[in-house]
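Participant: let me see the structure of the following:
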Amino acid sequence: MSENPVAEIEMTALPVPVDAEVRYRMDVSFRVAITPIVARQNANVYLLMNVGNMLSAGEPVLSLRNRPYWKVPIYCAFPEFKRREKIGELAVDMNSGAILLEQSFPSSPQEIERHAEIAYDALTASSAGA
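Facilitator: Predicted coordinates for the structure are as follows:
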C-alpha cells in the first residue's frame, strides 16, 4: 500500500471580501530523482552521523516552496518515558538527496540536539508533576 505525498504550498493572503468565491489553478512540473524512501534514508544517515542514535526520520512530505524538496520529520526517542517526540524537520533536495540545512528546522546539528534536550526537559517536568 503506497501513500501519496502531500503537497505543501504557502502563499500570502489575497485581499478578498467575505464569501468571495476564489478559484486557484497551479501547474507545477519537476523531476523526482530522490524518492521519499531515499530521502528518509538520507535523513536517518545524517542524524546518526551528525547528532546521535536516539533520533530518527519520519515519513517525508513534498514541499513546493522556492524549489521542491522533501520535508522529513525528525523524531527523538525517549525510552524511559516510552515516547517518541517530533522535534523538527530536515529538508532533503529532490535531485541530489543532500540535506538542505538552510531550509530545515532546526538548521544545525547543535540546534537539533538542543531541541531534543528541550523535549526531554518537558517530559521530565510533566512526569515529575504527575
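Participant: give me the neighbour count for Gly129.
Facilitator: By the measure other Cβ atoms under 10 Å, the count of residues near Gly129 is 6. Bear in mind the C-beta positions are built from the backbone N, C-alpha and C, glycine included.
Participant: distance of it relative to Ala122?
Facilitator: Using Cβ to Cβ, to the nearest Å, we find Gly129 at a distance of 11 Å from Ala122.
Participant: before we move on, what about Ser56?
Facilitator: Ser56 is 19 Å from Ala122, by Cβ to Cβ.
Participant: who's more crowded, those two?
Facilitator: Neighbour count, other Cβ under 10 Å: between Ser56 and Ala122, Ser56 has more, with 16 against 11.
Participant: now the most centrally placed residue in the chain. Nearest residue, chain neighbours left out?
Facilitator: With distances taken as Cα atoms, centre = their mean, Glu89 lies nearest the centre of the chain, 2.8 Å away. Closest residue in space to Glu89, ignoring its immediate chain neighbours: Lys71 at 5.1 Å, by Cβ to Cβ, 6 or more residues apart in numbering.
Participant: now do the same for the one you found: helix, strand or coil?
Facilitator: strand (DSSP: H, G, I helix; E, B strand; the rest coil).
Participant: neighbours of it, how many?
Facilitator: Lys71: 23 neighbours (other Cβ under 10 Å).
Participant: would you confirm that it contacts Val61?
Facilitator: Yes: using Cβ atoms under 8 Å as the test, Lys71 is close enough to Val61 to be in contact (4.8 Å).
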